[in-house]
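A.B. asks: Would you be able to build a 3D model of this:
(chains A and B)
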Amino acid sequence: MNGCRSSLYCILPPYMFREIVENGTADQRQQALRNLVSVEATLVQRDVIAKEGPWEPLMEAMSTEVNRTIYTADNSSSLPGRQLRSEGGPPTGDPAADEAYDGAGATHALFSEIFNRNSIDGNGMRLDSTVHYRTGYDNAFWNGRQMIYGDGDEDLPEAQRLFNRFTIAVDIIGHELTHGVTQHTANLIYQGQAGALNESMSDVFGSLVKQRLLGHSAADADWIIGEGLFTSNVNGAGIRSMKAPGTAYNDPVLGKDPQPGHMRDYVQTTSDNGGVHINSGIPNHAFHVTAVNLGGFAWEKAGQIWYLTLKSKLSETADFAMAAAKTYEAAGELYGLGSLEQQAVRAGWAEVGINIQQGGPDPGDGDPGDGGGRPGCAGSLTGLFRSLFGPR
Amino acid sequence: MKIYFERTGGFMGRGVSTVIDTNQLPPEEALSLLEKLDESDFFCLPEKITTGLEGLSGADRYCYKVTVELAGVQRTVETLEGDAPEEMQPLLNELTHLARAERFQP
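C.D. replies: Take a look at the predicted model:
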C-alpha cells in the first residue's frame, strides 16, 4: 500500500471510505464523507502548523498574557490618574506613556519567558504605571501596587536640569516592576542589608531587561543603571554601575557616586533607610562578577540562580551573607553540587569580600585577600575560575 | 521663622536639603511659604505620617522631613511620598523646589 499520508488514513484506509461512499446507504455515505472531510481538515491543519507555527488562538491559550494600563497624573499627585493606554492599545505619542508601556512589556516578557513567572504576583497581575507624576519630580517609585514616574527637572531652567524623564531608561522600569516581584516573593524589608538586597534585586533584573533587549552578553553589557537619565549638564554615565560601583557619576552638583563594591567599604548610615541605595553596590557587583565568569547571556545562568534565590530562598530579613549562601545553594540545585556554576557564585561573592564556606557563610572583615583566615583565597578563587572559563 | 527641610531616599538615594529663614526672603516669597504652611495645618500634624497602602511600604519613595521653628516652638513632621495629606503637598512642593534650586547657588 502506498500513498498513506498519515496514520489517520492508515487506521481506515482511503479505499474503504470510497467503497462506503459508492456502495453504502445514504446515512453511511454521509458519515463516510464527514469522516473524510474531518481527516482532510486535520491534515491541512498539521501542514499549516508545520510551516507557520501554532495558530494564534492556540498560542494565546498557552502564553502568559501581559496586561498593562498606563495613566497620567497630569502633574498632580493623584494616583493612578487619567487612563492613557490599555493593553493592546495604539501608541499615544506621549514618549513617557509609550516608554512605560513598552518597558513594562519587556520586563513582563523577561519574567515570563525566561523565569516562567506570570507577572508581578505570579498570577497575571495587571501592570499599572502612572507617568507625569507631580511637577519637577526627579524620581520613580513603586508604591506597593503600581509604578510611578516623574518627568525629571522640566520645571528648572535648562542649565539647571540634571534629570530627564524617568521612563527614558528601560532598566529603571524593570527596576520598579521588580520591587513588586520582590514584594510578592521574599518581601525583603526595606532597611539595612535586607533593603540593600531588595534594591540589588531590582538593579539585577532591571539590568537583565535592558541586556536582553539589546542582545548583550554579560561581557558586552555596560552594567550601568539609568543610562540616559542624566542630562548633558551632568558628568556621569548613569545612576549606578554594577561593574564598578562608585564610578557611575562624579559631578560638581550631584556629587560622587557613593556606592561601595566591597564589604570593607560598607557604609554605616541612618540615611536612606540605612543606605539601601548605597550598599546595594556590593551584591550588585557580586552578580556582575558571577555573570561575567559564567559567560553567555547573564539571564541564562546567573539570572536563573538569582531568581530561584529571590523566589524561594530568602527571608524578609536576609543579609548579604545569607544571600551569598542561598545563591550558592541555588546554583547547586540548578547545576549540581560542586559545579562550575556553583563555584562561579562563590567567586562572585568572594570578589566583594563575602566568603562562602562549608558550615556557613563568613562575611569577612573587609580584607580583599580574606578567605576565612586564608590570605589570598578569595582572589585565587576568582583567578582560578577565570582560567577555567577563559575570556568571553 | 526658620524652616529646615530635608528630602532623602528616592531612586538614587541622594538627598537635598535647605534651611530657610523667612526674614531673609523677599516678602512675596515669605508670604507664599507662610500661606502653604498654614494650609497644611502644620502644627497639628502628627510627627510621623505613614498611612501607607494597606501596610505596604513600597520602594524608592522619597522621605520628607520638615522642622519649623516659630516663636520658641519647634515642630518636626516626617512623611513618605504619597502619605502626606493633600493639604501638605503645596508646602512640600515649594520646599523641594527651593532645595533643588539651591544646588546651583554658589
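A.B. asks: From here on, just use CA atoms for contacts and neighbour counts.
C.D. replies: Noted.
A.B. asks: Next, the contact list for the residue of the stretch 201-350 of chain A found nearest chain B, please.
C.D. replies: As assessed by C-alpha to the nearest C-alpha, chain B sits closest to A:Asp272 within the stretch 201-350 of chain A, at 4.8 Å. The neighbours of A:Asp272, taking C-alpha atoms under 8 Å, 6 or more residues apart in numbering or on different chains as the test, are B:Thr8, B:Gly9, B:Gly13, B:Arg14.
A.B. asks: Any residues of chain A in contact with chain B? List them.
C.D. replies: A:77, A:136, A:139-145, A:156, A:160, A:176, A:179, A:190, A:239, A:253, A:271-273, A:275-278 (C-alpha under 8 Å from any C-alpha of the partner chain).
A.B. asks: In the stretch 101-250 of chain A, where is pLDDT below threshold?
C.D. replies: Within the stretch 101-250 of chain A, no range satisfies pLDDT under 70.
A.B. asks: residues near the residue nearest to A:Asp138 when sequence neighbours are not counted, how many?
C.D. replies: Of all residues not flanking A:Asp138 in the chain, A:Gly152 sits nearest, at 4.0 Å (C-alpha to C-alpha, 6 or more residues apart in numbering or on different chains). Residues lying near A:Gly152 (other C-alpha atoms under 10 Å in any protein chain shown) number 26.
A.B. asks: Could you verify my assumption that A:Gly152 touches A:Tyr137?
C.D. replies: Yes - the pair A:Gly152 / A:Tyr137 is scored as a contact, 5.2 Å apart, by C-alpha atoms under 8 Å.
A.B. asks: Tell me where chain A has helices.
C.D. replies: A:7-11, A:14-23, A:26-52, A:56-62, A:95-109, A:170-183, A:192-214, A:272-275, A:281-294, A:302-312, A:320-335, A:340-351, A:377-389 (DSSP state H).
A.B. asks: Name the stretch from these where average model confidence is lowest.
C.D. replies: Per-stretch mean pLDDT for the helices of chain A is lowest at helix A:56-62 (a mean of 40).
A.B. asks: Keep only those of the residues of chain A next to chain B that are in strands.
C.D. replies: A:Ala140, A:Phe141, A:Trp142 (DSSP state E).
A.B. asks: quick check, nearest of the residues you listed to B:His97?
C.D. replies: Within the set of these, A:Ala140 lies nearest B:His97; the separation is 17.2 Å, counting by C-alpha to C-alpha.
A.B. asks: Contact partners for the closest one?
C.D. replies: Counted by C-alpha under 8 Å, 6+ apart, A:Ala140 has contacts A:Met147, A:Ile148, A:Tyr149, A:Gly150, A:Phe166, A:Ile172, A:Glu176, B:Gly10, B:Phe11, B:Asp60, B:Arg61.
A.B. asks: Identify the residue nearest the last one in space, chain neighbours excluded?
C.D. replies: To tie it back to what came earlier, the one meant is B:Arg61. B:Gly10 (4.9 Å).
A.B. asks: separation between that neighbour and A:His285?
C.D. replies: Distance, B:Gly10 to A:His285, by C-alpha to C-alpha, to the nearest Å: 21 Å.
A.B. asks: From the neighbour counts alone, determine which of these two ranks first.
C.D. replies: Taking other C-alpha under 10 Å, B:Gly10 and A:His285 do not tie; A:His285 has more neighbours (26 against 20).
A.B. asks: Spell out which residues of chain B are next to chain A.
C.D. replies: Near chain A, when you scan chain B using C-alpha under 8 Å from any C-alpha, you find B:8-14, B:53, B:56-61, B:82, B:97, B:101, B:103-104.
A.B. asks: Show only the entries of these found in strands.
C.D. replies: Filtering those for strands - DSSP E - leaves B:Thr8, B:Gly9.
A.B. asks: Mark which of the residues of chain B next to chain A are buried, thanks.
C.D. replies: Among the residues of chain B next to chain A, the ones that count as buried by 16 or more other C-alpha atoms under 10 Å in any protein chain shown are B:8-14, B:57-61, B:82, B:97, B:101.
A.B. asks: isn't A:Ile172 right up against A:Glu227?
C.D. replies: No - applying C-alpha under 8 Å as the test, A:Ile172 and A:Glu227 come out as separate, 9.2 Å apart.
A.B. asks: Tell me which of those two has more neighbours.
C.D. replies: A count of neighbours by other C-alpha under 10 Å puts A:Ile172 above the other of A:Ile172 and A:Glu227, at 30 against 20.
A.B. asks: Please report how far that one lies from A:Lys210.
C.D. replies: In terms of C-alpha to C-alpha, A:Ile172 sits 9 Å off from A:Lys210.
A.B. asks: Same question for A:Ala218.
C.D. replies: 11 Å.
A.B. asks: sorry, back to before: pretty sure the residue nearest to B:Arg61 is touching A:Phe141, no?
C.D. replies: Yes - at 7.2 Å, B:Gly10 counts as touching A:Phe141 under the criterion of C-alpha under 8 Å.
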